[in-house]
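1. generate coordinates for the sequence data below:
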Amino acid sequence: MSGNAREIEKIVVRLPNWVGDAVMATAALRSIRLGYPDAQIYLYGKAKLLDLLGGLDGCDVTIPLGPGSGRVWSEAAALKPHRFDLGLLLPNSFSSALVFFLGGVKRRTGYGLNGRSFLLNRRIPISARARKKNPQPMTAYYLNIARFAGGAETGEDLELAVDPEGDSRAGAFLQERGLGDARPLIGLNAGSSFGPSKCWTPEGFARLSDAIHDELGGRTLLLCGPGEEEIARQIVDRARRPIIDTSREVLPFSVLKSVMKRLQLLVTTDTGPRHIAVAFGIPVVVLMGPTNPAYTASNLDRTRVVRVDLECAPCHKKECDREHACMREITAEEVLARARELLSPQPAAAIGQGERHG
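-> Numbering: from 1, shown residues only. Reported below is the predicted structural model:
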């Protein structure tokens, strides 16, 4: 327990805005819970992320972000009656710090970036240039905020919880599609809310799915988020073997978590479901192109990252203005080889980066 834990009765944690980042923040939530076991911890963020993190011990109360423009004033007004003793800002935005400042959060803790240092009274010094030059895994980045705020020492393991209703619905969902006893059951996640630059080709996913059927004797489940229906259609149309497609029934997080917990492997772009799988200990093959692998270089013992090392990558652009070679040059054969490693009874101890130099 931290030395000033008795002074802290109510804590608010502003969650990151992306699914993967929210999952990578769970180690920080655990640190805060262990450091302040008697405090009431509020999670404050997008409603879908509050659902995603539902059931974790690091949360007592949730506050969803309000919709619409001009939110700063309304959000600050929503926080003010709670009289929070401590607030952790996991996103780096100026607006999130302004909400805490106007909302009367007493100890406002976060990184001093984006011109917001004057809004924080517990700031961690860092420069944007230094962060870009020496990128840190986001799990450690968030955990550092928690420790700075008085959280306890803890590992970087990710965690999520499932509930009985979600488990029941997930079991029924898979049973209705003939996947209840499928082994191996391999998930495919092809979309990315970040932008098309992270996406692999539909042809690649279709060829991979066929190979999983023909060479591994497995079944494939195509996970699909809102707005990714067209990507799913293109993959299914190109595949010779049947793919169970979820695009007609996008699963809520309470069910998706329980479905993913039943997978033997996930093949995914560098996006949120990757980290959900890691939190449940599911082996993952990650197809990575425009993003820097250093930001997610944590909890990699059951992960294989497949990427092509090109001069233009990582660019972190949402859309490629070249030929998208970083993703197009990844082959289904390479991905299948990584999948075999992870499905083997005795997978290799070393982390397979699967990297080629272009």
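2. so Ala182 touches Leu216, yeah?
-> No - using Cβ atoms under 8 Å, Ala182 makes no contact with Leu216, being 11.5 Å away. Quick note: C-beta positions are derived from backbone N, CA and C, even for glycine.
3. how about the secondary structure of Leu88?
-> On the three-state scheme (DSSP: H, G, I helix; E, B strand; the rest coil), Leu88 is labelled strand.
4. neighbours around the residue nearest to it when sequence neighbours are not counted, how many?
-> Distance criterion Cβ to Cβ, 6 or more residues apart in numbering; nearest residue to Leu88, sequence neighbours excluded, is Val13 at 4.7 Å. Residues within reach of Val13, counting by other Cβ atoms under 10 Å, total 27.
5. wait, is Val13 part of a strand?
-> Yes - Val13: assigned to a strand according to three-state DSSP.
6. and it, how close does it get to Ala279?
-> Between Val13 and Ala279 the computed distance is 17 Å (Cβ to Cβ, to the nearest Å).
7. and Arg131, by the same measure?
-> Computed with Cβ to Cβ, the distance linking Arg131 and Ala279 is 25 Å.
8. any idea how far the top helix by length along the chain is from the chain center?
-> In the chain, assigned by DSSP state H, the helix with the most residues is helix 202-216. Between the mean C-alpha location of helix 202-216 and the chain-wide mean there is a distance of 25 Å, by Cα atoms, centre = their mean, to the nearest Å.
9. what does it contact?
-> With Cβ atoms under 8 Å, 6 or more residues apart in numbering as the contact definition, helix 202-216 has outside contacts at 184, 186, 188, 190, 218-220, 222, 231, 234-243, 267, 330-333, 335-336, 339-340, 343.
10. again, but for stretch 230-239
-> With contact meaning Cβ under 8 Å, 6+ apart, stretch 230-239 is reached by 188, 190-191, 199, 202-203, 205-206, 209-210, 222, 224, 243, 245-247.
11. surely Glu153 and Arg30 touch.
-> No - between Glu153 and Arg30 no contact is recorded; they are 10.6 Å apart, counting by Cβ under 8 Å.
12. tell me which of the two has more neighbours.
-> When neighbours are counted by other Cβ under 10 Å, Arg30 comes out ahead of the other of Glu153 and Arg30, with 23 against 10.
13. nearest residue to Arg274 in space, please, no chain neighbours.
-> In space, Arg274 comes closest to Thr268 once its chain neighbours are excluded; the distance is 4.8 Å by Cβ to Cβ, 6+ apart.
14. who's in contact with that neighbour?
-> Taking Cβ under 8 Å, 6+ apart as the contact definition, Thr268 lies against Gly187, Leu188, Asn189, Arg274, Ala277, Val284, Val285, Val286, Leu287.
15. how far away is the fourth one from Trp18?
-> From Arg274 over to Trp18 the distance is 12 Å, taken as Cβ to Cβ.
16. over to the fifth one?
-> Taking Cβ to Cβ as the measure, Ala277 falls 16 Å from Trp18.
17. cool, and the second one?
-> Here the distance between Leu188 and Trp18 works out to 20 Å (Cβ to Cβ).
18. who has more neighbours out of these two?
-> Looking at Leu188 and Trp18 with other Cβ under 10 Å, you find the greater number of neighbours at Leu188, namely 26 against 18.
19. pLDDT at the more buried one, what is it?
-> pLDDT, Leu188: 97.
20. disregarding flanking residues, what is the spatial nearest neighbour of it?
-> Counting by Cβ to Cβ, 6+ apart, the nearest residue to Leu188 once its immediate chain neighbours are dropped is Leu222, at 4.9 Å.
21. Provide the strand pairings for the helix or strand harbouring the one you found, with the direction of each partner.
-> With elements delineated by DSSP states H and E, Leu222 resides in strand 219-223, which encompasses its position. Taking DSSP bridges as the criterion, strand 219-223 sits next to strand 185-189 (parallel), strand 244-245 (parallel) in its sheet.
22. in the next helix or strand after it, what's buried?
-> Counting by DSSP H and E, the element after strand 219-223 in chain order, helix or strand, is helix 229-238. For helix 229-238, the buried set under the neighbour-count rule, 16 or more other Cβ atoms under 10 Å, comprises Glu229, Ile231, Ala232, Gln234, Ile235, Val236, Arg238.
23. one more: stretch 11-22?
-> Under the neighbour-count criterion of 16+ other Cβ under 10 Å, stretch 11-22 has Ile11, Val12, Val13, Arg14, Leu15, Pro16, Trp18, Val19, Gly20, Asp21, Ala22 buried.
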